[in-house]
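> can you look at this prediction? I've put the sequence above it.
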2 protein chains.
Amino acid sequence: MTPTITAFESSPDRGKGLARDMRVRWTLEELGQPYQVRTLSFGDMKQPAHLALHPFGQIPTYEDGELALFESGAIVLHLAERHVGLLPTDANARMRAIAWMFAALNTVEPPIVERSMAWIFEREQTWYAQRQAIVDERVRRRLGELSRHLGDADWLDGAFSAGDLLMVSVLLRLQSTGMVDEYPNLAAFVARATARPAYQRAFEAQLAVFLQAQAADGSSPAR
Amino acid sequence: MTPTITAFESSPDRGKGLARDMRVRWTLEELGQPYQVRTLSFGDMKQPAHLALHPFGQIPTYEDGELALFESGAIVLHLAERHVGLLPTDANARMRAIAWMFAALNTVEPPIVERSMAWIFEREQTWYAQRQAIVDERVRRRLGELSRHLGDADWLDGAFSAGDLLMVSVLLRLQSTGMVDEYPNLAAFVARATARPAYQRAFEAQLAVFLQAQAADGSSPAR
């Protein structure tokens, strides 16, 4: 049975691959696992049927037989544990790769999401520019620490792992800001990861969903 | 060999148990595992010796023989995987408990941390009150979703797990705001968890460190 993930019917990022289904798609592509996608509108996401799968009414979810999971970090970990390719076999190296997964999601992503949320919801406010400078400093502190750790290595700890995959996914949220480019080794890290065929396939797949929704929207005389 | 964790020499929360070493202490107590603590000043945390253990210069870290880990979520997962008591044995239930760990750290904690950071760094700013109302709404949305999921159950998914432990740790950061009390089932969930003897032991242990630092500080004529 092919597992099913959920994704936006029409991604708010307009196909830039920043929605969290992309992390799961990329993981599945790295591991060579087939999957199918069920797309949801914003309305669908808040319906009881979806809330039973995802208590916070978000995407992605993952269904495989009896198992239903939410939280992209957990889905990536589940897949990386079940299939060979995204976690080292040595027990200590495996845990360090998992530590980088948590670092991506609990240390690096939060200030980046805070920055994006402020841009979306507060950019008409009088305080926006002054306050965003504070948040930018917080983001840059994390980027600086990450850059110092990475040094001239290709990946965060040995071979490419689920930790790199999530860290790059998080850094991509800064793409439109140019902030990652201030750290050449981080920019190279992101470029190296997104050049991977598995990333490219995942990106194309999510873009196809967006373009299809847009075409359907354009052809609908009711909207 | 007894594992070593790091913690603040003098916790900025003044012994309220909100620093992230508490999550690891609580986990170790639930699992009946001994540990020792190395305390660090803010200065120590930014020195090369600590940065080699924790690239972001924070606490806690975890050292056990050849293994050195950072990120409290990863340390909790590592311990819960190695010892019986905080993850179900059934594979699917185990992954769902892990999903709740990620939900605590990547979905519920970020707006709560954003709220605290604004209180610490922006409360003298002209925009503080107006903006904090926006952030509060974001926090309440998550609390409402969590409350709806919990319903009248004791724990998030079956028996008490590492997912409950991290979720309660995150909700405790709201303690001084009274926001959790707006959701009686969440308040009961937090009360149920913090009444556990393992939580109590961990709380006392971190408080003892703070009180000791305070006493040492008071007796030092140079400060």
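Arrived safely. Residues are numbered from 1 along each chain as shown, chains lettered A, B, ... in the order given.

> all helices of chain A, in order?
Remark: helices assigned in chain A by DSSP state H are A:21-30, A:42-45, A:48-51, A:72-82, A:91-102, A:109-122, A:128-150, A:162-171, A:184-194, A:197-219.

> which residues sit against the first one?
By C-beta atoms under 8 Å, 6 or more residues apart in numbering or on different chains, the list of residues contacting helix A:21-30 from outside reads A:5-8, A:34-35, A:37, A:59-60, A:62, A:72, A:75-76, A:79-80, A:85-86, A:162, A:165-166, A:169, A:196-199, A:201-203, A:205-206. (Each C-beta comes from the backbone N, C-alpha and C, glycine too.)

> next: stretch A:32-45.
A:2-10, A:21, A:24-25, A:28, A:50, A:54, A:57-59, A:79, A:83, A:85, A:205, A:209, A:213.

> compute the first-to-last residue distance for stretch A:181-199.
With C-alpha to C-alpha, to the nearest Å as the measure, stretch A:181-199 spans 20 Å from end to end.

> tell me which residues of it are tucked away?
Within stretch A:181-199, the residues that count as buried by 16 or more other C-beta atoms under 10 Å in any protein chain shown are A:Tyr183, A:Leu186, A:Ala187, A:Phe189, A:Val190, A:Ala193, A:Thr194, A:Arg196, A:Ala198, A:Tyr199.

> if I look at the second one, how far off is chain B?
Separation of A:Leu186 from chain B (C-beta to the nearest C-beta, to the nearest Å) stands at 13 Å.

> confirm for me that that residue is in contact with A:Leu171.
Yes - with contact defined as C-beta atoms under 8 Å, A:Leu186 reaches A:Leu171; the gap is 6.6 Å.

> any shared contact partners between these two?
When contacts are counted by C-beta under 8 Å, 6+ apart, the set common to A:Leu186 and A:Leu171 consists of A:Val180.

> show me the shaky parts of chain A.
Residue ranges of chain A with pLDDT under 70: A:219-223.

> again, only this time at 50
Residues of chain A meeting the criterion pLDDT under 50: A:221-223.

> circling back to that earlier point, among the contacts of helix A:21-30, name the buried ones.
Buried among these by 16+ other C-beta under 10 Å: A:5-8, A:35, A:37, A:59-60, A:62, A:72, A:75-76, A:79-80, A:85-86, A:162, A:165-166, A:169, A:196, A:198-199, A:202-203, A:205-206.

> OK, contacts around the residue nearest to A:Phe189 when sequence neighbours are not counted?
Once flanking residues are discounted, A:Phe189 sits nearest to A:Leu150: 6.0 Å by C-beta to C-beta, 6 or more residues apart in numbering or on different chains. Counting by C-beta under 8 Å, 6+ apart, A:Leu150 touches A:Leu156, A:Asn185, A:Leu186, A:Phe189.

> ok, now with 10 Å
Going by C-beta atoms under 10 Å, 6 or more residues apart in numbering or on different chains, A:Leu150 touches A:Leu156, A:Asp157, A:Asp164, A:Met167, A:Tyr183, A:Asn185, A:Leu186, A:Ala188, A:Phe189, B:Pro55.

> what's the local residue count around the closest residue in space to the first one that isn't next to it in sequence?
With C-beta to C-beta, 6+ apart as the criterion, A:Leu156 has its nearest non-adjacent residue at 5.0 Å, and that residue is A:Trp100. By the other C-beta atoms under 10 Å in any protein chain shown criterion, the neighbourhood of A:Trp100 contains 26 residues.

> check contacts around A:Glu66.
Applying C-beta under 10 Å, 6+ apart, the residues near A:Glu66 are B:Asp90, B:Ala91, B:Asn92.

> filter these by proximity to chain A?
Among those, the residues lying close to chain A (C-beta under 10 Å from any C-beta of the partner chain) are B:Asp90, B:Ala91, B:Asn92.

> how about those residues in a markdown table, adding neighbour count?
Listed next are the ones next to chain A among the contacts of A:Glu66 as a markdown table, based on neighbours: other C-beta atoms under 10 Å in any protein chain shown:
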| residue | neighbour count |
| --- | --- |
| B:Asp90 | 12 |
| B:Ala91 | 13 |
| B:Asn92 | 15 |
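
> show me which of those is closest to chain A.
B:Asn92 (4.6 Å; C-beta to the nearest C-beta).

> how about the closest one: what's its closest non-neighbour residue?
A:Leu67 is the one closest to B:Asn92 (C-beta to C-beta, 6+ apart), at 4.6 Å.

> quick check: bridge partners of the one you found?
The bridge-partner assignment for A:Leu67, based on DSSP bridges, gives A:Asp64.

> I'd say it and B:Arg96 touch.
Yes - counting by C-beta atoms under 10 Å, B:Arg96 is a contact partner of A:Leu67 at 8.1 Å.

> which of the two has more neighbours?
B:Arg96 (24 against 14).

> let me see the domain layout of chain A.
Per the record, chain A has its domains at A:4-85+A:198-219, A:91-196, by automatic domain parsing.

> what's the neighbour count on A:Ala153?
For A:Ala153, using other C-beta under 10 Å, the count is 11.

> contacts only, for the spatially closest residue to A:Ile75 that is not a sequence neighbour.
Closest residue to A:Ile75 apart from its sequence neighbours, by C-beta to C-beta, 6+ apart: A:Tyr62 at 4.4 Å. By C-beta under 10 Å, 6+ apart, the contact set of A:Tyr62 is A:3-6, A:21, A:24, A:28, A:35, A:53-54, A:68-72, A:74-76, A:78-79, B:95, B:99.

> equivalent analysis for A:Phe189, please.
Counted by C-beta under 10 Å, 6+ apart, A:Phe189 has contacts A:146-147, A:150, A:153-156, A:164, A:167-168, A:171, A:180, A:183.

> and for A:Met101?
So, once contact is read as C-beta under 10 Å, 6+ apart, A:Met101 ends up touching A:73-74, A:76-77, A:80, A:86-87, A:161-167, B:71, B:73-74, B:77, B:102.

> check A:Ile112 too.
Per C-beta under 10 Å, 6+ apart, neighbours of A:Ile112: A:135, A:138-139, A:142-143, A:170-174, A:177, A:179, B:110.

> make JSON lines from these and add distance to B:Arg123 and neighbour count to it.
Compiled in JSON lines, those are given as follows (distance: C-beta to C-beta, whole Å; neighbours: other C-beta atoms under 10 Å in any protein chain shown):
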{"residue": "A:Val135", "distance to B:Arg123": "16", "neighbour count": "19"}
{"residue": "A:Arg138", "distance to B:Arg123": "16", "neighbour count": "15"}
{"residue": "A:Val139", "distance to B:Arg123": "21", "neighbour count": "21"}
{"residue": "A:Arg142", "distance to B:Arg123": "23", "neighbour count": "20"}
{"residue": "A:Leu143", "distance to B:Arg123": "26", "neighbour count": "19"}
{"residue": "A:Val170", "distance to B:Arg123": "28", "neighbour count": "22"}
{"residue": "A:Leu171", "distance to B:Arg123": "31", "neighbour count": "25"}
{"residue": "A:Leu172", "distance to B:Arg123": "33", "neighbour count": "20"}
{"residue": "A:Arg173", "distance to B:Arg123": "28", "neighbour count": "19"}
{"residue": "A:Leu174", "distance to B:Arg123": "27", "neighbour count": "19"}
{"residue": "A:Thr177", "distance to B:Arg123": "27", "neighbour count": "15"}
{"residue": "A:Met179", "distance to B:Arg123": "26", "neighbour count": "18"}
{"residue": "B:Pro110", "distance to B:Arg123": "19", "neighbour count": "23"}
